[in-house]
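[1] Structure for the following, please:
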Amino acid sequence: MAYVSKNPYSNEVMAEFETLTDVEFEAKIAKAEEAFKTWKETSFATRAQILKKAAKLFRERNQELAALNTKETGKLITISLWENQMCADIFEYNAEHAAEFLAPHYLKTEDQLAGDAIGIYQPLGTIYEIEPWNVPFFQMARPTAAQLMAGNTVVLKHSSNVPQCALAFEKLLLDAGLPEGVFQNLFVDYEQSDRLLSDPRISGVTITGSTEVGREVAAKATHALKKNVMELGGSDAMVVLPDADMATVIEGALLGRLTNSGQVCLADKRMLIHESLYQTFLDELTKATNELTIGDPLEETTSYGPLCSKKAAAKVKAQIQKAVSHGAKATPIGPEVPADSAWVQATLLTEVTQDNPIAKEEIFGPVFMVFSYKDEAEMLALANGTPFGLGASVYTTDPKKAAALGEKLEAGAISINQPTMASYAIPFGGIKDSGYGREMSFSGMREFTNEKYLNSAKIDMQAVFENISRK
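    Predicted coordinates for the structure are as follows:
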C-alpha cells in the first residue's frame, strides 16, 4: 500500500511514500529493540527534559504543523492550531508527572508468611501504535508521551493519508533530542503490520480506530499474548434535562458534533432532548448552524470544513440514506455544500426508531441524530441502548441530577454541561464495543509497564524500600 498525502479541499496529491522493504522493516524493529536497552535505563529527568523540548517545538512550529495537518485532513486551521497546543500540553504533563505516577509504593500487609511488599513499575519494551488520521498529531502524542516517559520505545503505523504529519512528528522528537530508534514512524503494509502483532520483539499494542479493525488487531495481538489497548468507535449520547440552559446546550451541540466536521470518536453523536425542549432545540440548532461558513479550511474565517476524503463523505451520505429508508427523516441544515466534493451537508436526523439500523451505528460525519424522551427510564434506554460506551454528556443546572445520571450512563467518560472530550490529566477509554484499557494520566502511563512486587517476611522491607531505584 502506498502512503498518499492528498488535500481533501483541493483534491491535490501533495506527496506519495512507498512502504518499507522487508530489509528496511527488519532494520527498524531491530533498532527499536536495541534502543530500548539504553532508553529504559535513562532517568526520568533526562526523559522529561526531552519531552519538554518537544512541547516547546510544538508551540514554535504551530503554524507550519497546523497547515500540514489541515492540508492532509481537511480540518479547519483553527482546530489544527488548537490540536498542536494540546500536544504540547500532553508532553509537558507527562514529563512533569511520570516520576510521581511510576514511583515505587509500599504495601503493608498482615500476611505473616508473605510479609510486606514493594510495588515498582518497569517498562515492557517496544510498543506498537496504530493510529487514525482525524487528529493526527494528537493521536500520536497521546500514547507516545506516556510510553516514552515510562521507558518504552515506540514504533508507529499512522493512517496512510497523513504520512507527512507522521514524518513531521518523528522529526520533531529527534530535534528535541530523542535518541534514534526510541520513536520510529513505519510506512508498513497490512502484511507487515500483522507480522508486528506477532513479533516477539513487540511488547504491547495500542490502537485507535474503528471497532471492526480493533477486533481484528485485538484478536491477533491477544493470540500472541501481547498486552493491548483498544480505543475504538463511539456514538456518545448528549442528554439534555428539562432544566438545562439552552444557550449552553446549543454551544455544546455545535462543538460536540461539528468539530472536525463530525469526524471524532469521542463526540456527542446522539442528542437526547427532553420533550419540553425538543422543538426549541431543533429550531435553535438550525439557526446556529445556518450561521456557519464554508470555504478553504486554511482560512480562519471558514467555520465548516470538508471531510477527509470523498470516500468518507460518500459513506456518511449512504448512512443518511439508509436511515431514511428505514423510516427516519433527514433535514439538511447549515450552508449548502459543493456537489461531488468531500463536504457533507450538516443534517438533522429525526424520527429514528430503535429498530432502525442507524440507531446502533457510529456516523463519522456532521449528522445530528436527535431523539425526544419523556422520562428518565426512556432516556436511559436510549442512551445505553447502543453497542458503544466511549463517552456521554449531561446538560443540567442541578449538580445532584448530574451526579446521579452520570453514574447510570454506560460509558468510560461523562462530561457535564460541555461536550464529551479527552484531557491529558484524566484517564480516557471506553467499554463495550468502544474498547478497553486506558490512555492518558496515571492509567495510560502504567498500561504498558510491568507492575512488579518484591515481598518478604524475613528481612526489613522498609530498608529495601529506601534503596529501591527511583530512576
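[2] use CA for all of it now, contacts and neighbours both
    Noted.
[3] Asn185 contacts Leu167, doesn't it?
    Yes. Judged on CA atoms under 8 Å, Asn185 makes contact with Leu167 at a distance of 6.8 Å.
[4] So which of the two has more stuff around it?
    With neighbours defined as other CA atoms under 10 Å, Asn185 and Leu167 compare such that Asn185 has more, 20 against 15.
[5] tell me which residues form a beta bridge with the more buried one?
    Leu156 (DSSP bridges).
[6] show me the contacts for it.
    When contacts are counted by CA atoms under 8 Å, 6 or more residues apart in numbering, Asn185 touches 155-158, 166-167, 170.
[7] Out of these, which end up buried?
    Taking 16 or more other CA atoms under 10 Å as the criterion, what is buried in those is 155-158, 166, 170.
[8] Tell me the one of those nearest Ala463?
    Here the nearest of the buried ones among the contacts of Asn185 to Ala463, counting by CA to CA, is Val155; it sits at 38.8 Å.
[9] and that closest one, how far is that from Ala312?
    Distance of Val155 to Ala312, computed by CA to CA, to the nearest Å: 27 Å.
[10] got it, and Gly125?
    From Gly125 over to Ala312 (counting by CA to CA), the distance is 36 Å.
[11] These two: which is more packed in?
    Gly125 (26 against 18).
[12] Tell me if I'm right that the more buried one and Ser203 touch.
    Yes. Look at Gly125 against Ser203 with CA under 8 Å: they come within range, at 5.5 Å.
[13] overlap in contacts of those two?
    Common neighbours of Gly125 and Ser203 (CA under 8 Å, 6+ apart) do not exist.
[14] for the chain, which spans come out with low pLDDT?
    Within the chain, the stretches with pLDDT under 70 are 1, 471.
[15] residue contacts, the residue lying closest to Lys220 once chain neighbours are set aside?
    Among residues not flanking Lys220 along the chain, Leu197 sits closest, at 6.3 Å (CA to CA, 6 or more residues apart in numbering). Contacts of Leu197 were listed using CA under 8 Å, 6+ apart, and they are 128, 205, 217, 220-221, 224.
[16] Leu197 should be in a helix, yeah?
    Yes. According to DSSP: H, G, I helix; E, B strand; the rest coil, Leu197 belongs to a helix.
[17] do you know how far it is from Tyr373?
    Leu197 is 45 Å from Tyr373, where distance means CA to CA.
[18] ok, Asn384 touching Leu409?
    Yes. In this structure, Asn384 is within contact of Leu409 by CA under 8 Å, at 6.5 Å.
[19] more crowded one of those two?
    Legend: neighbour count by other CA under 10 Å for Asn384 and Leu409, higher for Leu409 (21 against 17).
[20] Please list all residues in contact with the more buried one.
    380, 383-384, 392.
[21] show me the contacts for Glu231.
    Neighbouring residues of Glu231 by CA under 8 Å, 6+ apart: 206-209, 429-430, 434-437.
[22] how close does Asn467 get to Thr46?
    Separation of Asn467 from Thr46 (CA to CA) stands at 21 Å.
[23] So those two - more neighbours on which side?
    When neighbours are counted by other CA under 10 Å, Asn467 and Thr46 differ, and Thr46 comes out ahead with 15 against 9.
[24] Quick check: that one vs Ala141, distance?
    Distance of Thr46 to Ala141, given as CA to CA: 18 Å.
[25] same question, Glu34
    According to CA to CA, Glu34 and Ala141 sit 23 Å apart.
[26] go on, Pro163?
    The gap separating Pro163 from Ala141 is 15 Å, by CA to CA.
[27] So for the two, which residue has more residues nearby?
    Pro163 (26 against 19).
[28] Next up, phi/psi of the more buried one, please.
    Backbone dihedrals for Pro163, given as degrees, to the nearest 10, come out at phi -70, psi -30.
[29] quick one: it and Ser5 touch, right?
    Yes. Counting by CA under 8 Å, Pro163 touches Ser5, with 6.3 Å between them.
[30] Okay, domains of this structure per the record?
    Split into domains by automatic domain parsing, the chain comes to 3-232+434-466, 236-416.
[31] In JSON lines: those domains, plus distance to Ala425.
    Listed next are the domains of the chain as JSON lines, based on distance: least, CA to CA, whole Å:
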{"stretch": "domain 3-232+434-466", "distance to Ala425": "5"}
{"stretch": "domain 236-416", "distance to Ala425": "13"}
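[32] wait, which of these is closest to Ala422?
    Smallest distance to Ala422 across the domains of the chain (CA to CA): 7.6 Å, for domain 236-416.
[33] centre of the chain versus the closest one, how much separation?
    Chain-centre distance of domain 236-416: 18 Å, with CA atoms, centre = their mean, to the nearest Å.
[34] ends of it, how far apart?
    With CA to CA as the measure, domain 236-416 spans 13 Å from end to end.
[35] Could you do stretch 398-417 as well?
    First-to-last residue span, stretch 398-417, CA to CA: 10 Å.
[36] Which secondary structure state does Ile207 sit in?
    Following three-state DSSP, we place Ile207 in the strand state.
[37] Quick check: beta-bridge partners of the closest residue to it other than its chain neighbours?
    Distances taken as CA to CA, 6+ apart put Ile130 closest to Ile207, at 4.6 Å, once the chain neighbours are dropped. Beta-bridge pairing for Ile130 (DSSP bridges): Lys157, Ile207.
[38] Going forward, count from 47.
    Renumbered: residue one is now 47, and that last one reads Ile176.
[39] Run a quick neighbour tally on Ile176.
    A total of 20 residues lie near Ile176 under the criterion other CA under 10 Å.
[40] isn't it right next to Lys203, touching?
    Yes. Using CA under 8 Å, Ile176 makes contact with Lys203 at a distance of 4.9 Å.
[41] Distance-wise, check the residue nearest to Lys266 relative to Thr268.
    The value you get for Leu243 to Thr268, if CA to CA is used, is 9 Å.
[42] where do the contact lists of those two overlap?
    Joint contacts of Leu243 and Thr268 (CA under 8 Å, 6+ apart) do not exist.
[43] name the helices or strands packed onto the longest helix seen in the chain?
    Counting residues, the longest helix found in the chain (DSSP state H) is helix 123-147. Helices and strands touching helix 123-147, by 3 or more CA pairs under 8 Å, 6 or more residues apart in numbering; DSSP states H and E, are helix 90-106, helix 108-119, helix 182-196, helix 487-492.
[44] let's go with 7 Å and repeat that
    Other helices and strands packing on helix 123-147, by 3 or more CA pairs under 7 Å, 6 or more residues apart in numbering; DSSP states H and E, are helix 90-106, helix 108-119, helix 182-196.
[45] How about Phe134: what's its closest non-neighbour residue?
    Careful, residue 134 is Ala and not Phe. Leaving aside its chain neighbours, Ala134 sits nearest to Ala101 (4.1 Å; criterion: CA to CA, 6+ apart).
[46] Surely the one you found is in contact with Ile136?
    No. Using CA atoms under 7 Å, Ala101 makes no contact with Ile136, being 8.0 Å away.
[47] Helix or strand: which one has Val310?
    If you go by DSSP states H and E, Val310 is not part of any helix or strand.
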